[in-house]
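> model this:
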Amino acid sequence: QLKDYEKALFFPCKAAELVTDYGKGWSLKYRAMSQYHMAVAYRKLNRLFDAMECCEESMKIALQHGDRPLQALCLLCFADIHRSRKDTEKALPRYDSSISIMT
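Below is the predicted model:
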């Protein structure tokens, strides 16, 4: 693994920019997925505040549209963010919720 997370962050940011600029009539799924992928990249860069903001936006859209798989991915990302903050008390229930949605 190269672990070039700065470069990896470029692609979902560009996708979010395209959705904002040209995607007025597009499905919100595109925005939600780009926000989710930005959250993952931010978390890996240890930019946890940015990761949390992106993940919250993605989860909000997923909840509005009943997108259960994306909800599970967001919960997993939330758990990883809390684990990165060394807050296992908040991480574990989110891991459990993510697993229960996925199975």
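> before we move on, which element is P93 in?
helix 88-102 (DSSP states H and E).
> Determine the set of other helices and strands touching that helix.
helix 68-84 (3 or more Cβ pairs under 8 Å, 6 or more residues apart in numbering; DSSP states H and E). No exception for glycine: its C-beta is placed from N, CA and C like everyone else's.
> ok, the residue positioned nearest the centre of the chain to M52 distance?
Residue closest to the mean C-alpha point of the chain, counted by Cα atoms, centre = their mean, is Y36 at 2.6 Å. Distance of Y36 to M52, given as Cβ to Cβ, to the nearest Å: 12 Å.
> Then C77?
9 Å.
> for R31, same thing?
17 Å.
> Ok, A8 next?
Counting by Cβ to Cβ - A8 and M52 are separated by 18 Å.
> Please, which helix or strand holds K7?
Using DSSP H and E, K7 falls in helix 5-22.
> residues in contact with that helix?
W26, Y30, R31, M33, S34, Q35, H37, M38, A41, Y42, K44, L45 (Cβ atoms under 8 Å, 6 or more residues apart in numbering).
> looking at it, the third one is touching I61, isn't it?
Yes: using Cβ atoms under 8 Å, R31 makes contact with I61 at a distance of 6.3 Å.
> More neighbours: those two, which one.
A direct count of neighbours by other Cβ atoms under 10 Å for R31 and I61 places I61 higher, at 21 against 18.
> so how far is the helix holding P93 off the chain centroid?
Computed by Cα atoms, centre = their mean, to the nearest Å, the separation of helix 88-102 from the middle of its chain amounts to 15 Å.
> what is the orientation angle of it with helix 68-84?
160 degrees (axes from the mean of the first three to the mean of the last three Cα atoms, to 10 degrees).
> Centre of the chain to the least confident helix or strand in the chain by mean pLDDT, how far?
When each helix and strand of the chain is scored by mean pLDDT, DSSP states H and E, helix 5-22 comes last, with a mean of 78. Centroid displacement of helix 5-22 relative to its chain, using Cα atoms, centre = their mean, is 13 Å.
> cool, stretch 25-43 as well?
7 Å.
> likewise stretch 29-47?
4 Å.
> List the contacts of that stretch.
3, 5-6, 8-9, 11-13, 15-16, 19-20, 23, 48, 50-55, 57-58, 61-62, 65, 67, 70, 73-74, 77, 80-81, 84.
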